[in-house]
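S.K.: pasted the sequence and its predicted model underneath.
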2 protein chains.
Amino acid sequence: MASDPDDPRIGDISEGAVLRAILARTAEASHTLLGPGDDAAVVAAPSASVVATTDTLVEGPDFRRAWSSGYDLGWKSAAVNLADIAAMGATPTALLVALAVPRDVRLSFVAAMADGFREACDALAPGCAVVGGDLTVSELMMIAVTALGDLGGHAAVTRSGASPGDVVALAGELGAAAAGLETLFGVFRDGSVPRPIDLRLLDETARLGVERQLRPRPPIMLGPVAADAGATALMDVSDGLGLDAGRIAGASDVTIDLDGTALDALAFGGDRVRALSGGEDHGLLATFPAETPVPTGFTRIGQVVARRSDGVLVDGEPVPAGGWDPYRDWDGVVSG
Amino acid sequence: MASDPDDPRIGDISEGAVLRAILARTAEASHTLLGPGDDAAVVAAPSASVVATTDTLVEGPDFRRAWSSGYDLGWKSAAVNLADIAAMGATPTALLVALAVPRDVRLSFVAAMADGFREACDALAPGCAVVGGDLTVSELMMIAVTALGDLGGHAAVTRSGASPGDVVALAGELGAAAAGLETLFGVFRDGSVPRPIDLRLLDETARLGVERQLRPRPPIMLGPVAADAGATALMDVSDGLGLDAGRIAGASDVTIDLDGTALDALAFGGDRVRALSGGEDHGLLATFPAETPVPTGFTRIGQVVARRSDGVLVDGEPVPAGGWDPYRDWDGVVSG
């Protein structure tokens, strides 16, 4: 790789120089009481409790640098963690980012990642910002993000509160990110396609899927809306609607009967199978009492019934289990 | 590696099976309102703010599996993050652990890591526990920990509040972990030494150093004690007293004049150079107003004076800068 004094490799400059470039791209936000620069940050927790979650993107099983820009990786790392906060009915307040970067990565890549974090927060969860982090050298790129959130005074909405008779509703997309992954594997795995990838090579539907795979847009602000509306159970759909609905069903000891017509209407490209098995959209799956109006932004997709042998049904019929287990499903390719 | 049905490789079992083994070793703790198993955890934040920090251990620059057991890695990952919470004057309330594990790692290694996390919390910060995490497959082992803490109603103690006339005091060890690292590099790099390492091969002082390197014991509970006593600045000594005292000096725009006799008395093995340059003990470095009695557990090691050209002096004389920058100093060895 050619030397470039304006865009040095991470391994050729000091940790302090990298951190300065990142911090210059970090915004103050309304919940930040003390931002980066000391031993720890201080974040407002007005409800006297804090919702906390962590999720990691690892080069290989979770992303490839040939497909994802630094900006994409920052955006996606933020979005998937913000979704886990929203999935408790909470409002995200802060992110902490532990970043492991190979020495040959350019400073511009890390700076773009910081832009992706900031812009994802601004777009999906205004008031939330990166308040701290850790930077280390590694042979493999890895982004571990912790998100914090506040419940606004109400109780956390877990997976275990659904009851027979409740309405099942979804906010967000269904199958778009999975369609994008199929496109990336199908089109861009071909070595003849120049890198980095050029989305203009795709038709509009395929391009939208790839955009959602690389930069998902979960409906973060609808998490607290669902909690305010009295949601009895709530989670984000990260591993596929079939698998994740089964988790609410299992935790609540109920069965979820999905409405095939509603699924077809919501499914990206009208593909019901992918809508049930495809993950990474990080939409919000909620159950509400039957008498509660489903809040704006959510669409009714089924109902909760008494527990049967299958946790999830579509129009009363079983659906096959499925979903992504990185230990079983990763093909072992780190970049390609 | 031989197959062992009682201790399978992580790559041969499901993510769920690994998580069950980890969760069986996770304790409930007094600040946990909702523990692992949902989209996010909920942790008490009685002061209506939360202190948060993240730090990563990466195989290669930060540890080698030939030197550290799973238990050691869990313990150390917990301890270094707890120290950053203590360094704000806060009491640790919760840890979140993002763990990336190669497929060939045994389940017993990960289970021992969970034991190390739990026992470090119990020993160093009772009431704190692992409340959430993330497990992913990776070619390289990486442990990214986020620690949360509560300020008990007082303000965070930053690095920037030291004033001329303040007393400088330290709680914890000085040079022990660095001495241990020297022993590991010196003795155990020799390929003739059988792995895993046998500490009984060492004399008592060398063994204590290695134990502190692998399982540091920072004085976590003295962080809130320092805050209650009116500390004007506080941090943990992770990169060496010389470098870290310089950080307080820089943030506070003062100079810290250390007392050579006091350093010699505290220095592990009486080695003042190592006491100034050696990191990873995670002792607490504090400044207190001159009229404040230094709290029990802290030892006076110097005083704050008006800013001079050097941020740190010993008996009025400059000390050379030093410390660990992983981008500059890592030798590139991942295991060995």
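M.R.: Looks like it arrived, so ask away. Numbering: from 1, shown residues only, chains lettered A, B, ... in the order given.

S.K.: what's the neighbour count on residue A:61?
M.R.: Here the number of neighbours of residue A:61 (other C-beta atoms under 10 Å in any protein chain shown) works out to 22. Backbone N, C-alpha and C define where each C-beta goes, glycine included.

S.K.: would you mind measuring from it to residue A:44?
M.R.: 35 Å (C-beta to C-beta, to the nearest Å).

S.K.: just the element for residue A:52, please.
M.R.: Here residue A:52 sits within strand A:49-58, counting by DSSP states H and E.

S.K.: what segments of the stretch 201-336 of chain A are helices?
M.R.: For the stretch 201-336 of chain A, applying DSSP state H, counting those that start in this stretch gives helices covering A:204-214, A:222-228, A:241-252, A:260-266, A:272-277, A:326-329.

S.K.: pick out the shakiest of the ones you listed, pLDDT-wise.
M.R.: Mean pLDDT is lowest for helix A:326-329 out of the helices of the stretch 201-336 of chain A, coming in at a mean of 47.

S.K.: give me the pLDDT value at the residue most central in space within chain A.
M.R.: Taking C-alpha atoms, centre = their mean, the centroid of chain A lies closest to residue A:80, which sits 2.0 Å from it. For residue A:80, the pLDDT comes out at 96.

S.K.: so it sits in a strand?
M.R.: No - going by DSSP: H, G, I helix; E, B strand; the rest coil, the assignment for residue A:80 is helix, not a strand.

S.K.: so residue A:114 is in contact with residue A:25, correct?
M.R.: Yes - assessed by C-beta atoms under 8 Å, residue A:114 is found in contact with residue A:25 at 3.8 Å.

S.K.: list the contacts of the closest residue in space to residue A:253 that isn't next to it in sequence.
M.R.: Of all residues beyond its chain neighbours, the one nearest residue A:253 is residue A:307 (5.3 Å), with distances taken as C-beta to C-beta, 6 or more residues apart in numbering or on different chains. Counting by C-beta atoms under 8 Å, 6 or more residues apart in numbering or on different chains, residue A:307 touches A:249, A:253-255.

S.K.: tell me the one of the residues you listed nearest residue B:240?
M.R.: residue A:249 (54.0 Å; C-beta to C-beta).

S.K.: now do that closest one against residue A:292, distance only.
M.R.: Taken as C-beta to C-beta, the span from residue A:249 to residue A:292 is 19 Å.

S.K.: who has more neighbours, those two?
M.R.: Between residue A:249 and residue A:292, counted using other C-beta under 10 Å, the more crowded position is residue A:249 (26 against 15).

S.K.: contacting residues for residue A:28?
M.R.: Counting by C-beta under 8 Å, 6+ apart, residue A:28 has contacts A:35, A:129.

S.K.: near chain B, which residues of the stretch 151-300 of chain A?
M.R.: Residues of the stretch 151-300 of chain A found near chain B (C-beta under 8 Å from any C-beta of the partner chain) are A:151, A:156, A:158-159, A:234-236.

S.K.: narrow those to those in strands?
M.R.: Among those, DSSP state E puts A:234-236 in strands.

S.K.: dump the residue contacts of the closest residue to chain B within the stretch 101-250 of chain A.
M.R.: Residue nearest to chain B within the stretch 101-250 of chain A (C-beta to the nearest C-beta): residue A:144, separated by 3.5 Å. Residues near residue A:144 by C-beta under 8 Å, 6+ apart: A:54-56, A:97-99, B:54, B:56, B:98, B:100, B:134, B:142, B:144.
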